[in-house]
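Student: here you go, sequence then predicted model.
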Number of protein chains: 2
Amino acid sequence: MTVSEAAEQVGLTTYTLRWYEQEGLVEPVGRDSAGRRRYTQQDLDWLILLTRLRRTGMPVRDMRSYAELARQGDSTLGARRRIFEAHRDRVLSRIAELEEDLKVLNYKIEVYGKMEQELL
Amino acid sequence: MTVSEAAEQVGLTTYTLRWYEQEGLVEPVGRDSAGRRRYTQQDLDWLILLTRLRRTGMPVRDMRSYAELARQGDSTLGARRRIFEAHRDRVLSRIAELEEDLKVLNYKIEVYGKMEQELL
DNA sequence: CCTTGACTTCGAGTGGGCTCTAACTGGAAG
DNA sequence: CTTCCAGTTAGAGCCCACTCGAAGTCAAGG
């Protein structure tokens, strides 16, 4: 799979894919005879995991640490589990926060609705 | 209330408070005889609403549009309600997305846990 | 009086996360 | 062959949302 196909699959741009590699979030991707990247299914799976971490708000810095641990093999399983547990807690807090803010949003919408009625 | 007190109340820095004003997110705040900002409760309420919009992911650009509508008075009530409705939908999608990602996180944690067991 | 400290403005600087440009290369289609 | 296209690299640029530094002002405390 070429870089542009991979980009489409995971929902990132080719720029970002190359940049992730350069930043050490992704192992150097295999190349064909002409030096072009060829992505395997494993590469894609890893990238999809990264995009999930990313959009749940994990900083690239932390994703890099996680990637480094993953490269070191099974001895870092515990550390990686703990990273995920901590991150899960942050995501839970974030969801709770969003739900709080949602209440205010709904309240505001209601108030605006009522005010519009009264103006008629 | 001074700028630093207001900052503490709403959870922003004094820098940010002045910048929000400069960016038109906040009406020019009243001044005392020495030209120092004095925040009223209304100012605070508005800032607190802004922080909610901000942390639910509304870009500053959109917050400015909203602030401009608010300044124009009751004739823009409908427009403001629609902005909030659209934003609420985005927040709902965001929560749904986070919950999806949470599932993957939990699954990963489980898998790591099992792998750690097997290594013993 | 003088120092201290919180304020003022203006403009520059920072950090994060991409995003793009320039110059080049290799393989495939006509 | 030549043209075209999708890739390659290194490094610069961009956008957003702040964040800070410099230089100055004001008023209260000692």
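Tutor: Now that the structure is in, tell me what you want to look at. This is a predicted model, so every value here is computed, not measured.

Student: every contact and neighbour count from this point should use C-alpha atoms.
Tutor: Fine.

Student: can you list the residues that contact stretch A:30-45?
Tutor: Residues external to stretch A:30-45 that are found in contact with it (C-alpha atoms under 8 Å, 6 or more residues apart in numbering or on different chains): A:1-3, A:6, A:9-10, A:26, A:29.

Student: phi and psi next, for the most centrally placed residue in chain A.
Tutor: Nearest to the centroid of the C-alpha atoms of chain A, with distances taken as C-alpha atoms, centre = their mean, sits A:R54, at 2.3 Å. The phi/psi pair for A:R54 (degrees, to the nearest 10) reads phi -60, psi -50.

Student: now distance to B:E97 and secondary structure too, for the contacts of stretch A:30-45, in TSV please.
Tutor: Compiled in TSV, the contacts of stretch A:30-45 are given as follows (distance: C-alpha to C-alpha, whole Å; DSSP: H, G, I helix; E, B strand; the rest coil):
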residue	distance to B:E97	secondary structure
A:M1	27	coil
A:T2	28	coil
A:V3	26	helix
A:A6	22	helix
A:Q9	18	helix
A:V10	15	helix
A:V26	24	coil
A:V29	28	coil
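
Student: which members of the residues you listed additionally contact DNA strand D?
Tutor: When those are checked against DNA strand D using C-alpha under 7 Å from any atom of the strand, the ones in range are A:2-3.

Student: show me where chain A has its helices.
Tutor: Remark: helices assigned in chain A by DSSP state H are A:3-10, A:14-22, A:41-55, A:60-71, A:77-119.

Student: in the first one, what's buried?
Tutor: For helix A:3-10, burial by neighbour count (16 or more other C-alpha atoms under 10 Å in any protein chain shown) applies to A:3, A:6-7, A:10.

Student: distance of A:L92 relative to B:T2?
Tutor: When distance is defined by C-alpha to C-alpha, to the nearest Å, A:L92 is 35 Å away from B:T2.

Student: same question, A:R80
Tutor: With distances taken as C-alpha to C-alpha, A:R80 is found 46 Å from B:T2.

Student: for those two, work out which one has more neighbours and name it.
Tutor: Counted by other C-alpha atoms under 10 Å in any protein chain shown, A:R80 and B:T2 do not tie: A:R80 has more neighbours, with 20 against 15.

Student: for the more buried one, which residues are in contact?
Tutor: Listed by C-alpha under 8 Å, 6+ apart, the contact set of A:R80 reads A:66, A:69-70, B:112.

Student: would CSV of these with neighbour count be doable?
Tutor: Converted to CSV, the contacts of A:R80 look like this (neighbours: other C-alpha atoms under 10 Å in any protein chain shown):
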residue, neighbour count
A:Y66, 19
A:L69, 16
A:A70, 15
B:Y112, 21
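
Student: relative to DNA strand C, which of these is nearest.
Tutor: Using C-alpha to the nearest atom of the strand, A:Y66 is the member of these that sits closest to DNA strand C, with 13.3 Å.

Student: now for the closest one: which residues touch it?
Tutor: A:80, A:83.

Student: repeat that with 7 Å
Tutor: A:Y66 sits next to A:R80 when contact means C-alpha atoms under 7 Å, 6 or more residues apart in numbering or on different chains.

Student: check the gap between it and chain B for me.
Tutor: 13 Å (C-alpha to the nearest C-alpha, to the nearest Å).

Student: what do you get for A:L92?
Tutor: Distance check for A:L92 against chain B: by C-alpha to the nearest C-alpha, it reads 8 Å.

Student: and for A:R37?
Tutor: A:R37 is 28 Å from chain B, where distance means C-alpha to the nearest C-alpha.

Student: count the neighbours of that residue for me.
Tutor: Here the number of neighbours of A:R37 (other C-alpha under 10 Å) works out to 18.

Student: ok, what's across the strand from it?
Tutor: Partner residues in beta bridges with A:R37: A:R31, with DSSP bridges as the criterion.
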